[in-house]
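In: The sequence and its predicted three-dimensional model are supplied below.
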2 protein chains.
Amino acid sequence: MSATKPASLGFIEAQQLDSRSLRQAIRACQYTGHTAGLAPGMLQANVVILPEDEALDFMRFCQRNPQACPLVGVSDTGRVGIDTLAQNLDLRSDVPGYNVYRHGELVAQHKDISALWREDLVTFALGCSFTFEQALMRAGVDLYHVKHNTTVPMFRTELACREAGKYGGNMVVSMRGIDAEALDTVRNICEKYPHAHGAPVHWGSPEAIGIHDLNNPDWGDAIVLEPGQIPVFWACGVTSQNALDRARPSLCISHTPGHMLVTDVPEDRLPPFLEQS
Amino acid sequence: MSATKPASLGFIEAQQLDSRSLRQAIRACQYTGHTAGLAPGMLQANVVILPEDEALDFMRFCQRNPQACPLVGVSDTGRVGIDTLAQNLDLRSDVPGYNVYRHGELVAQHKDISALWREDLVTFALGCSFTFEQALMRAGVDLYHVKHNTTVPMFRTELACREAGKYGGNMVVSMRGIDAEALDTVRNICEKYPHAHGAPVHWGSPEAIGIHDLNNPDWGDAIVLEPGQIPVFWACGVTSQNALDRARPSLCISHTPGHMLVTDVPEDRLPPFLEQS
């Protein structure tokens, strides 16, 4: 991007960094990759940036659909930080990749959006599935997409979201294969993370929620169910992207998929997160 | 209020009603009393009604201070219902008493606010302590203020809320006396109700949070601590009233203290509450 750009960091090097150092490397465009598995134990978040005249409706949409869109932070209008997630955050540069949408169309991808910043922008941070996946793996639950380094399969469903203004549409779910006898354990672990999609919304019968072919996900890669495994479905943050695609706000900036905001909040901490200084 | 007003109901009669019938009686101004102990097992909520131009800041204030101001519902602008709390709700008449504030001053009290309704109003419903108190009593925990039919003591603290626009101020807490050996039980029960103030924010040392005289609460009635009891403090919904008093919005309509919105949501159900029809 610039003649003075510092040397870039690879994923292995990024794995050595704590959340603050990682964000500094991201801010300097030294690290621009995905954040899965980085700064383990710290909350990561989806990012949605909207003009203030869209903010109340989008916030109501999230409040009404908390499993899919768990709000973990909302900025003041025009402010580039969210103090409950990290001190000295700069939302214009601390996410490793941004997608820029105008009237619902993806028009650009950037590593830094300082040039696009406006005083009327509001940033929403939504919890993400990395949080409960880490907890499941710590409990010995194997996850196919992690083991095989693929993207978790995601499906459109017939589960209607609760609408707010022009924000609506159906829920998008992610799917993981879980041993039938581990289902209760999985549910008990995940429900401890309501700020990260919580317990599964469905399991066993994909057709019951409008999924007709597990081998053809709408996003991500198909997985193989092992003998004894059942398909288990979680509300997915892509639900908000789906709602934004339909609502077509004049401007929306979100993180590039997989390239999340890394916070300084331990992921097992419940809201309101960071202690006050 | 009117020549055709139906016969009024007393508290004992109101106790016989389920949540829907109780709301009907309230809507008809047949019952205009407090709601503590009514429609047991159903979520009750504090109500704050604001013009839309105040709504985003107030909603951010609640999102940042969820223990004191747990959002359990937010209406569409101008709409008199919140479908996740009850079907066919009419927020202009279904609360047994309303306080009307203009620029921070209490200017009127009403049993029905239809004449004041405007198309730019947004209604916020915040969880209330009745929920965890019922759960504590079911577990055999005695509550002095319930036993003696007094109002729970509430205190201003030195715990600063997170600000949002002009909404801020310190946290207000309610206090209950708890047997020292029951404290863990109490904490475990209450943390299951994050939508109703959750676990206590402090116990044992009132001075540590800026409370210097337990016998002089800022609101409500003093209680007597039994031998072996310690003072335990919960974030209190009056925090939002305190923030509103400071912010002085052009119009604010809230429930009259103790006269809550009774919903059709079982109080042990987590958001998003009512199943969709």
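Out: Nice, thanks for sending it over.
In: Can you name the residues that contact the closest residue to A:Gly168 other than its chain neighbours?
Out: Spatial nearest neighbour of A:Gly168, chain neighbours left out: A:Cys161 (5.7 Å); criterion: CB to CB, 6 or more residues apart in numbering or on different chains. Placement of C-beta: from N, CA and C, glycine included. Residues in contact with A:Cys161 (CB atoms under 8 Å, 6 or more residues apart in numbering or on different chains) are A:61, A:64-65, A:68, A:168-171, A:239, A:243.
In: the strands in chain A, which residues?
Out: Ranges of strands in chain A, per DSSP state E, are A:42-51, A:71-74, A:98-102, A:105-110, A:121-127, A:154-160, A:170-179, A:202-203, A:229-235, A:252-255, A:261-266.
In: closest to chain B out of the ones you listed?
Out: Checking the strands of chain A against chain B by CB to the nearest CB gives strand A:71-74 as the closest, at 5.2 Å.
In: For the closest one, which helices and strands make contact with it?
Out: When contacts are defined as 3 or more CB pairs under 8 Å, 6 or more residues apart in numbering or on different chains; DSSP states H and E, strand A:71-74 packs onto strand A:42-51, helix A:52-64, strand A:121-127, helix B:52-64.
In: Quick one: the ones you listed as TSV, columns for distance to B:Asp268 and mean pLDDT too.
Out: Formatted as TSV, these follow (distance: least, CB to CB, whole Å; pLDDT from 0 to 100):
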stretch	distance to B:Asp268	mean pLDDT
strand A:42-51	27	97
helix A:52-64	20	98
strand A:121-127	23	97
helix B:52-64	22	98
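In: need these in TSV with distance to A:His202 and mean neighbour count, can you?
Out: Shown next, in TSV, are these (distance: least, CB to CB, whole Å; neighbours: other CB atoms under 10 Å in any protein chain shown):
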stretch	distance to A:His202	mean neighbour count
strand A:42-51	21	24
helix A:52-64	19	22
strand A:121-127	19	25
helix B:52-64	28	22
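In: among those, which is nearest A:Gly258?
Out: strand A:42-51 (10.0 Å; CB to CB).
In: rewinding a little: just send the strands of chain A back as a markdown table, with distance to B:His202 too.
Out: Shown next, in a markdown table, are the strands of chain A (distance: least, CB to CB, whole Å):
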| stretch | distance to B:His202 |
| --- | --- |
| strand A:42-51 | 25 |
| strand A:71-74 | 24 |
| strand A:98-102 | 41 |
| strand A:105-110 | 45 |
| strand A:121-127 | 27 |
| strand A:154-160 | 40 |
| strand A:170-179 | 39 |
| strand A:202-203 | 40 |
| strand A:229-235 | 34 |
| strand A:252-255 | 37 |
| strand A:261-266 | 21 |
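In: which one of those strands lies closest to B:Leu126?
Out: strand A:71-74 (15.5 Å).
In: quick check: mean pLDDT across that closest one?
Out: For strand A:71-74, mean pLDDT rounds to 97.
In: Quick check: which ranges of chain A have low pLDDT?
Out: A:1-6, A:276-277 (pLDDT under 70).
In: Show me which pair in the contacts of A:Cys161 is furthest apart.
Out: Counting by CB to CB, the most remote pair of the contacts of A:Cys161 is A:Arg64 and A:Asn170, 14.0 Å apart.
In: What count of nearby residues applies to A:Thr35?
Out: 24 (other CB atoms under 10 Å in any protein chain shown).
In: is it true that it touches A:His259?
Out: Yes - counting by CB atoms under 8 Å, A:Thr35 touches A:His259, with 6.1 Å between them.
In: Quickly list what's touching both of these two.
Out: Common contact partners of A:Thr35 and A:His259 (CB under 8 Å, 6+ apart): A:Pro96.
In: quick one: A:Gly177 and B:Gln16, what's the gap?
Out: 51 Å (CB to CB, to the nearest Å).
In: So between these two, which is more surrounded?
Out: Higher neighbour count among A:Gly177 and B:Gln16: A:Gly177, with 19 against 10, using other CB under 10 Å.
In: Tell me who's in contact with that one.
Out: Per CB under 8 Å, 6+ apart, neighbours of A:Gly177: A:144, A:223-226, A:229-232.
In: same thing but 6 Å
Out: A:144, A:223, A:225, A:229 (CB atoms under 6 Å, 6 or more residues apart in numbering or on different chains).
In: List of residues touching stretch A:146-159?
Out: A:145, A:170-175, A:209-211, A:217-223, A:236, A:238.
In: Got a PyMOL select line for the buried ones in those?
Out: Entered in PyMOL, the line below selects the buried ones among the contacts of stretch A:146-159, by 16 or more other CB atoms under 10 Å in any protein chain shown:
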select buried, chain A and resi 145+170+171+172+173+174+175+209+211+217+219+220+223+236+238
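In: on that earlier part again, format the helices and strands packed on strand A:71-74 as TSV; extra columns: distance to A:Arg102.
Out: Supplementary listing: the helices and strands packed on strand A:71-74 in TSV, determined by distance: least, CB to CB, whole Å:
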stretch	distance to A:Arg102
strand A:42-51	11
helix A:52-64	13
strand A:121-127	14
helix B:52-64	22
